[in-house]
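# sequence and predicted structure are below.
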Amino acid sequence: MDENIVYRLMLPGEETQINALIVPVFTEFIGRRYPPEGVREFLGYVDPGALRKRFLSNHFTLVATSHDRIVG
């Protein structure tokens, strides 16, 4: 286990990075089990604009970083 993993709140401007981490994993491992409507709903939820809107509305997203790179 990497002892350099730090958990923190998402920072403004990280929405695209977070989306780029989530979408391929969802698509490969989870999305194929969902109907098209469910896939669209999830992808809309993790859209960078939607992440930013929730951030500005006092919602929070936690990220895991390792050596200043988002890994989870």
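Perfect, I can see it now.

# stretch 56-68 - what's its average pLDDT?
When the per-residue pLDDT values of stretch 56-68 are averaged, the result is 94.

# which residue ranges of the protein form helices?
Listed from the start of the chain, the chain has helices (DSSP state H) covering 15-25, 36-45, 48-56.

# switch those over to CSV; also include mean neighbour count and distance to residue 7.
In this view, the C-beta of every residue, glycine as well, is placed from N, C-alpha and C. Output for the helices of the chain, formatted as CSV (neighbours: other Cβ atoms under 10 Å; distance: least, Cβ to Cβ, whole Å):
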stretch, mean neighbour count, distance to residue 7
helix 15-25, 15, 14
helix 36-45, 12, 21
helix 48-56, 15, 17
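
# next, format those helices as TSV and append distance to residue 63.
Formatted as TSV, the entries for these read as follows, by distance: least, Cβ to Cβ, whole Å:
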stretch	distance to residue 63
helix 15-25	7
helix 36-45	16
helix 48-56	11
